[in-house]
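Q: Sequence and predicted structure, then a few things I'm wondering about:
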Amino acid sequence: MEKLRAIRPRLQALLGPDGVVADALGRMLYEYDGGVDRGEPDLVVFPRSPDEVIAVLRLAREHGLAIIPRGAGTGLSGGAVARDGGIILSLNRMRKILSVEVENQRARVEPGVVNLELSERISGTGFYFVPDPSSQKACTIGGNVAENSGGPHTLAYGVTVNHVTGLEVVLADGEVLRTGGMAPDMPGYDLTGLMVGSEGTLGVVTAVTVKLTRKPEAVRTLLAIYDQVDRAAETVSAITAAGITPAALEMLDGFTLRAVEAAVQAGYPLDSAAVLLIEIEGLQEEVAEHAAAVEAVCRQAGAREVRQARDAAERGRLWAGRKQAFGAMGRICPNFYVMDGVIPRTRVGPVLRGIEAIGQRRGLRIGNIFHAGDGNLHPLVFFDGRQAGQLELAREASREIIQLCVEQGGSITGEHGVGMEKDELMPLIFSEADLDFMRWLKQAFNPEGRLNPGKMLPTYKSCRETALATRPELGKTIEARI
Amino acid sequence: MSAAAWAEWERRLGAEGFAWDAGRAVARPGDVEQTAAVVRWAGEEGIQIRVGQGGGNLAANAASPAAGAPAAANGGDTRGNGGAAANGAGAASSAVAAAPRPVLRLDLRRMRRLRFYEPGDLTAGWDAGATVAEVKAALAAHGQFLPLDGGGGAATLGAILAARRSGPLRHGFGTARDFVIGIEAVTAAGEIVHGGGKVVKNVAGYDLMRLLIGSAGTLAVITGVNCKVFPALAATETIAFTLADFAAAERLRSRLLHSPLRLIAWELTDGTVGGTGTGADGAEGPAAITALVRFQGSEAVRARYRRELAAIAAESGVEARAVEAEAEMWDRWEAERLPLAMGAPSGVAVELLRRTAEMAASGGRSLRFRGRLALGAFGLALAPELTGDARAAWPREWRTMAARVHGDAWLQDEAEPWYAAWRGMGQGARNDQAQGVGSGAHGDHAAGGRDLRREGDWMVRLKRHLDPRGLFGPAEAGA
Ligand SMILES: Cc1cc2nc3c(=O)[nH]c(=O)nc-3n(C[C@H](O)[C@H](O)[C@H](O)COP(=O)(O)OP(=O)(O)OC[C@H]3O[C@@H](n4cnc5c(N)ncnc54)[C@H](O)[C@@H]3O)c2cc1C
Ligand SMILES: Cc1cc2nc3c(=O)[nH]c(=O)nc-3n(C[C@H](O)[C@H](O)[C@H](O)COP(=O)(O)OP(=O)(O)OC[C@H]3O[C@@H](n4cnc5c(N)ncnc54)[C@H](O)[C@@H]3O)c2cc1C
């Protein structure tokens, strides 16, 4: 605490009295993000410029304190949580859109710009920023970059990394590194691509150059309604196999859609076992053809009914159900744990059945609402945090679900990141050599490990053994993975 | 290295695994474990490894100890430069200072297994030695494909990735950086490492795919590649616009950018390269700046494209024609290898091409080009080719000129050492306020008095960190 007493006045002098939060109550607000992990920061600071970020990093280095970058705190893997104390560096006051260059199809923004704000601001140009996490009204572009976030519409157009061409990053020692830029395909190592998805462990992003994409001429939204979950799952592979790439292909199971419907009135039929929300974009002619083809595939796979949204209002309602689902869930159960796992798109059916079995075995209710088109599952594990042991039970079920995904050839996270939630699960998909190489890579940028410590990479060498001790057959999965 | 020492290698790797090729030692491992063993032995014995066939000469350059000196910047490596003959005079080796570290070429073409293929999930994985032709054939059998149209069918997947090669379909489908979902590689320490996996969406761990794609064999040996693949193209058509000058090309670019059309390829050429104009599709007349756009879909969809494109041509007063046998033309499109590559933000790229042509003309040469109009990435060649000191000086002159157009413009000359373009890219200008047409637009974030590390410096630093002994070529001259 000696360190804290020494650094505090210096930070206050640098950032002003409202730029530093040190009181217990204030710090408590920063103990968590959108997930279930907790950790108490020693200080929270709010720089306004890259220069202030640099100064904060230099001070932190001098005093040997950890830095945890933070955007809006909507992350679901504890990435922005101070796992073991340290200074939370909030980028919330850096929210200028620095430039919009439509002819270059680029914009340059500060990291605290809220995702949706950018697309809204440039809406008049006919262009937009593609990545659309369901949290887009709140999450920041800096957070999107750090997590390499996806969203319903990243199925056809790619996730954040496919839409970022350059970064300005402040490294652990306070030095600035600019990677990439406005030009395409810049030669050399793709440091931009390496930084994206690095979860704040390689540097603090202080500016982002993003790609802007032309809005589609036509959009059509379909709701396919099923009496059996399996049929909906089969439709997902059938659409993929038919060679149609919808802009979005989302699934809600019966339990989830009923909960959503009660809160949002999106228009999902209450008696159905599952719905698929499918969006087709492109030229009018193309959209008409693809919508007809998708409708035929849905019916063939056993959809009870396929509706097409008649107008923008109906479309908006259908999507409101999807995008506000997590909020709606809060009404039916005090707590729920949002999982994130990935499987090949051909395995949706069996994995959903497996998840249901896990829930039954553990006596937990599990709902599913997810990006079916890219096999990115989001099981929602419901629990009552007021009852002792329930959170632990939910975590155990979640771990089992992740193991199921891995056994099916999938991954432990599709978009929420590893953070402090899953660092110990990394050995399920990576060998010790893989992890050592990643640690060594991190060393190059963050040699003292003071940037977002305890995240993404497991700290303990033995963790592979721990994980494998419970499921020895996973050793084979790792070997067979690639 | 003594014959006896190489004989030991031959013994270890067996008849299939070791060969002499025009007096040079070549290891031909049969699997990833053997590749790792080769890398470890080479490390122990102080041998340098050059991955690939030497066709793309990035690695050959990395091995050239004198390459950093401007006067010798055109120096490839006499021993390994398979591309030299094809590159013309420019890449002929001159001063290669003596630094006789033995070199072992690593040829992965025995490793060409299809590792997995899930047509229903649109995912597949191969050993890195699989050739483009083999990859295409495997996918075609299931009506699927990868946009690997940036080189011949004989190139290996590993080489395409390492050289981050892409072709016209990059416009509609992205580069390998966008479709590679998992990678396996052997590091300088001889360890087998993985990134990503087999699924199309995955954010676990650092993105080793992105790190290694474009690393030109200088960081690790790519041994396995998993890809997200695509449904085969539907019926395609191509329309060519003949343009009077660069200004007309820029107007067309901007006009199309703001249209709702979703083209799968969108090229610009000076007409002497690519296979249009006086070229392969048989059209008559002198070479002219030509834009080509390609689209796919049902007859109704294609009719819409034809209508829109005809209207745009009429409104812009340019001549448009349908290209006959367009698929064949696209197959030949990248056949001619251009020694220079440039990139600039799309809105200033045509202006930069114009100034490049002017620069060439002032030296009595014409500029030949072919590339992605909508993206701003082009291959270039001067006709006739520059040689000697003039060739070595040209990239530097270009970078000075280009910095005035846009701070982010870049040039890569295959005759330069691998790090030259990155160094060049970071050369001061980049972070200054750019003058001339595009604005550098660093605005509020101008470098000021900050301790700004240039990206090129960082790449060299990262190279040293991951390959401290220079096993895959030195980090730079004298390193
Ligand atoms: C209701 C809800 C719906 C969601 N839907 C989706 C979805 O559809 N798709 C999806 O991918 N995610 C989704 N998420 C997760 C989350 O919104 C995303 O991960 C988002 O990108 C996080 O942004 P943030 O600004 O909140 O970042 P934070 O949570 O504050 O931080 C996330 C991580 O980024 C790091 N970080 C933040 N800013 C910087 C910076 N400037 N430099 C370096 N590191 C930084 C932090 O250290 C942390 O590791 C959802 C979350 C919620 C609550
Ligand atoms: C500036 C420039 C312009 C070019 N323009 C054209 C063009 O217009 N048309 C065209 O067809 N080609 C062009 N090329 C070459 C093209 O990139 C390569 O020819 C192509 O990638 C196929 O490789 P190869 O078989 O010739 O090369 P190789 O020599 O085998 O490999 C190419 C590069 O990749 C590395 N490499 C190969 N395999 C691996 C591996 N498994 N792991 C790690 N590294 C590996 C090599 O070390 C080398 O640096 C250009 C290259 C450059 C540098």
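A: Okay, I see it. Residues are numbered from 1 along each chain as shown, chains lettered A, B, ... in the order given. Ligands and ions are numbered 1, 2, ... in the order given.

Q: does residue A:354 count as helix, strand or coil?
A: Here residue A:354 is helix, with the state taken from DSSP: H, G, I helix; E, B strand; the rest coil.

Q: Kindly report the same for residue B:202.
A: Applying three-state DSSP to residue B:202 yields a three-state assignment of coil.

Q: Quick check: beta-bridge partners of the residue nearest to it when sequence neighbours are not counted?
A: In space, residue B:202 comes closest to residue A:411 once its chain neighbours are excluded; the distance is 4.2 Å by C-beta to C-beta, 6 or more residues apart in numbering or on different chains. C-beta: built from backbone N, CA, C; applies to glycine. Listed beta-bridge partners, residue A:411: residue A:342 (assigned using DSSP bridges).

Q: my guess is residue A:411 contacts residue B:197, does it?
A: Yes: taking C-beta atoms under 8 Å as the definition, residue A:411 is a contact partner of residue B:197 at 5.0 Å.

Q: what's the neighbour count on residue B:262?
A: Per other C-beta atoms under 10 Å in any protein chain shown, the neighbour tally for residue B:262 reads 19.

Q: what residue ranges in chain B are flagged as low confidence?
A: B:54-100, B:151, B:276-286, B:418, B:422-453, B:476-479 (pLDDT under 70).

Q: Go again with 80.
A: Scanning chain B for pLDDT under 80 picks out the ranges B:1, B:53-100, B:150-152, B:275-287, B:417-454, B:475-479.

Q: on that earlier part again, tell me which of residue A:411 and residue B:197 has more neighbours.
A: Ranked by neighbour count (other C-beta under 10 Å), residue A:411 and residue B:197 place residue A:411 first, with 29 against 26.

Q: Can you name the residues that contact the more buried one?
A: Residue A:411 makes contacts with A:341, A:342, A:405, A:429, B:197, B:199, B:201, B:202, B:204, as judged by C-beta atoms under 8 Å, 6 or more residues apart in numbering or on different chains.

Q: Now tabulate those residues in TSV and tack on distance to ligand 2.
A: Output for those, formatted as TSV (distance: C-beta to the nearest ligand atom, whole Å):
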residue	distance to ligand 2
A:341	31
A:342	27
A:405	30
A:429	23
B:197	19
B:199	23
B:201	25
B:202	21
B:204	23
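
Q: Contacts (any at all) between chain B and stretch A:240-251?
A: Yes: judged by C-beta under 8 Å from any C-beta of the partner chain, stretch A:240-251 comes into contact with chain B through A:240, A:241, A:243, A:244, A:245.

Q: can you map out the helices along the stretch 51-200 of chain B?
A: Residue ranges of the helices in the stretch 51-200 of chain B, as given by DSSP state H, counting those that start in this stretch, are B:58-62, B:84-87, B:132-140, B:157-162, B:170-173, B:176-179.

Q: Residue B:295 is nearest to which of those helices?
A: Nearest to residue B:295, of all these, is helix B:170-173, at 9.0 Å by C-beta to C-beta.

Q: May I have that closest one exported as CSV, CA atoms only?
A: Below are the C-alpha coordinates for helix B:170-173, written out as CSV (Å, rounded to 0.1, in the frame of the first residue of the first chain):
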residue,chain,number,x,y,z
ARG,B,170,-9.3,-10.8,-52.6
HIS,B,171,-11.8,-8.0,-53.3
GLY,B,172,-14.8,-10.2,-52.6
PHE,B,173,-13.4,-12.8,-50.3
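
Q: Any idea how far that helix is from the middle of the chain?
A: Relative to the mean C-alpha coordinate of its chain, helix B:170-173 is positioned 14 Å out (C-alpha atoms, centre = their mean, to the nearest Å).

Q: try stretch B:254-265
A: Its chain's average C-alpha position is 24 Å from that of stretch B:254-265, according to C-alpha atoms, centre = their mean.

Q: Enumerate the residues of the stretch 1-150 of chain B near chain A.
A: Near chain A, the residues belonging to the stretch 1-150 of chain B are B:115, B:118, B:119, B:120, B:121, B:122, B:123, B:125, B:143 when assessed by C-beta under 8 Å from any C-beta.

Q: The helix or strand where residue B:295 lies pairs with which strands, parallel or anti?
A: Taking DSSP states H and E as the definition, one finds residue B:295 inside strand B:289-296. Based on DSSP bridges, the pairing partners of strand B:289-296 within the sheet are strand B:236-243 (antiparallel), strand B:265-269 (antiparallel).

Q: Name the nearest residue to the most centrally placed residue in chain B, ignoring sequence neighbours.
A: In chain B, the C-alpha nearest the mean C-alpha coordinate belongs to residue B:165, at 3.2 Å (C-alpha atoms, centre = their mean). If the residues on either side of it in the chain are set aside, residue B:165 comes closest to residue B:150, at 4.2 Å by C-beta to C-beta, 6+ apart.

Q: just checking, that neighbour touches residue B:167?
A: Yes: counting by C-beta under 8 Å, residue B:150 sits close enough to residue B:167 to count as a contact (3.4 Å).

Q: who touches both of those two?
A: With the criterion set as C-beta under 8 Å, 6+ apart, the overlap between the contacts of residue B:150 and residue B:167 is residue B:334.

Q: mind checking how far the closest residue to residue B:143 other than its chain neighbours is from residue A:440?
A: Taking C-beta to C-beta, 6+ apart as the measure, residue B:143 lies nearest to residue B:232, with 4.9 Å between them; neighbours along the chain are not counted. Here the criterion is C-beta to C-beta, to the nearest Å. By it, residue B:232 lies 41 Å from residue A:440.
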